[in-house]
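**Student:** The sequence and its predicted three-dimensional model are supplied below.
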Amino acid sequence: MTTPRRLPDPYGGPSSGANLADILERVLDKGIVIAGDIRINLLDIELLTVKLRLIVASVDKAKEMGIDWWESDPALSSRARRDELTRENTELRARLERLEASREAEELEAAPRQAPRRRKKESP
Amino acid sequence: MTALRYVYAVCRPLSAPLQAQLTGVAGIPARQLEHHGLIAVLSLVPEEDFAEEPLKEHLEDLEWLTATARAHQNVVDALTGVTTPLPLRLGTVFRDDSGVRVMIEEREEDFRHALDRLEGRVEWGVKVYVEQEEEKEAVEERPAARPASGRDYLRQRRRRTAAHEQRGQKADEFAARLHEALSGYAEDARLHAPQNATLSGATGRNVLNASYLVPRSRSEEFVELVDRAEDDTPGVRVELTGPWAAYSFTGLTQGVA
């Protein structure tokens, strides 16, 4: 939110406002593709796969550098997706349970069998 | 030690020599190789780092990749100040000068065509972010209005989701309007995939990531146009980068429309 936005000098360089993603997406993803004498597999590299390959190659190092977004991004990690669903499911179950418990309590106020009131701290 | 040729860009002969201090990948100075009236700007790089195997390994190393990408961009950027370069993709390496010459001959026509088309043009990058406030809101709301019932909870949740969606929709509309206005001013435009926050370090959700091809002479007005756009929509942030070499507009990149 406090990221300063510079007005770049139209006759200067791309300014310090350019982040690493700006540079990588141009230098890796754009630019003219020419098969040099040294064959590297950059032809089908997209930024994402580069990152993924980097991370697969060295998960610990990536973590060291604070890169762990793939673990929590539902689009990339099936586990994250599953976790997201599980979380929502648990949350809804807890709500439902509480709702039913309170209704039961109302209806069977005089009855000896009291539904246990459970308080789960799972609000969003 | 054998030296390979790492090529940054192709351009027309320069009227002034390259900066003496212009260093490229691996801290090695950049130099020119002229052939058929075109210039390849390159560095002599050590085989132990840039032959197939070591290069492949290096590309897995984010630190190396970052440094190399910045160095590559640094050279292209310096060229952008004095000419109209056609930037090559990172990691274009040849065995020797004759390999570079053969490449120039093979692509000569493409290069000239692209150089004519891009002469005097630069690329501006424009990104739009929508500030993500829902987390802050959620924190603020929770202690004050803890849902008393499941129905309350659902109602709150629906309200929050609606507010979130509305903000997202507004931002999308803003981005579409801005892109239309800027495309109208620019000679050409390209939409890129939204950026990942880890790499960009930016806050908020990236809803527009685009490049615009603009003549250098009209760049000042373009910058003003971008600048004015930000004022009228709260919760939306516009970021401008450039001028870049026309990376996104060489027309010689496979897979780009």
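**Tutor:** Ah, there it is.

**Student:** wait, residue B:8 sits on residue B:24?
**Tutor:** Yes: using C-beta atoms under 8 Å, residue B:8 is in contact with residue B:24, at 6.3 Å. Backbone N, C-alpha and C define where each C-beta goes, glycine included.

**Student:** what do these two both touch?
**Tutor:** Listed as contacting both residue B:8 and residue B:24 by C-beta atoms under 8 Å, 6 or more residues apart in numbering or on different chains are B:30, B:43, B:72, B:75.

**Student:** quick one on the thing from earlier: so which of residue B:8 and residue B:24 has more stuff around it?
**Tutor:** The neighbour count for residue B:8 versus residue B:24, taken as other C-beta atoms under 10 Å in any protein chain shown, is higher for residue B:8 (29 against 24).

**Student:** And the pLDDT at residue A:104?
**Tutor:** pLDDT recorded at residue A:104 is 79.

**Student:** just checking, which of the shared contacts of residue B:8 and residue B:24 belong to strands?
**Tutor:** residue B:43 (DSSP state E).

**Student:** can you map out the strands along chain B?
**Tutor:** For chain B, the strands defined by DSSP E cover B:3-11, B:31-35, B:38-46, B:86-87, B:93-94, B:121-130, B:188-191, B:205-215, B:236-244.

**Student:** quick one, phi psi at the nearest residue to residue B:74 once chain neighbours are set aside?
**Tutor:** Spatially, and ignoring its direct neighbours in sequence, residue B:74 is nearest to residue B:24 (7.0 Å; C-beta to C-beta, 6 or more residues apart in numbering or on different chains). Residue B:24 adopts backbone torsions of phi -110, psi -140, taken as degrees, to the nearest 10.

**Student:** Can you pull the poorly scored residue ranges out of the chain?
**Tutor:** You didn't say which chain, so I picked chain A. Low-confidence segments of chain A (pLDDT under 70): A:1-17, A:41-81, A:110-124.

**Student:** oops, chain B please
**Tutor:** B:1, B:133-145, B:252-257.

**Student:** Break it down into its domains, please.
**Tutor:** Segmentation of chain B into domains, based on automatic domain parsing, reads B:3-118, B:121-249.

**Student:** looking at these, which is closest to residue A:108?
**Tutor:** domain B:121-249 (17.8 Å; C-beta to C-beta).

**Student:** Would you work out how far apart the start and end of the closest one are?
**Tutor:** Domain B:121-249 has its terminal residues 10 Å apart, counting by C-alpha to C-alpha, to the nearest Å.

**Student:** How far away from the center of its chain is that domain?
**Tutor:** 17 Å (C-alpha atoms, centre = their mean, to the nearest Å).

**Student:** Stretch B:32-43 close to chain A?
**Tutor:** No: judged by C-beta under 8 Å from any C-beta of the partner chain, stretch B:32-43 and chain A are separated, with a smallest distance of 10.4 Å.

**Student:** My error: substitute stretch B:202-210 in the last question.
**Tutor:** Yes: using C-beta under 8 Å from any C-beta, stretch B:202-210 reaches chain A at B:202-204.

**Student:** Residue A:36: which of the strands of chain B is closest?
**Tutor:** strand B:93-94 (4.7 Å).

**Student:** Can you tell me the strand partners of the closest one and which way each runs?
**Tutor:** strand B:3-11 (antiparallel) (DSSP bridges).

**Student:** Next, the buried residues of the strand it pairs with.
**Tutor:** B:4-11 (16 or more other C-beta atoms under 10 Å in any protein chain shown).

**Student:** Restricting to C-alpha, output that strand in CSV.
**Tutor:** Provided in CSV are the C-alpha atoms of strand B:3-11 (Å, rounded to 0.1, in the frame of the first residue of the first chain):
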residue,chain,number,x,y,z
ALA,B,3,34.8,-18.6,-24.1
LEU,B,4,31.2,-18.9,-25.4
ARG,B,5,29.2,-16.0,-26.8
TYR,B,6,26.2,-14.9,-24.8
VAL,B,7,24.1,-12.7,-27.0
TYR,B,8,21.8,-10.0,-25.4
ALA,B,9,20.3,-8.3,-28.4
VAL,B,10,20.5,-7.4,-32.0
CYS,B,11,20.4,-3.9,-33.3
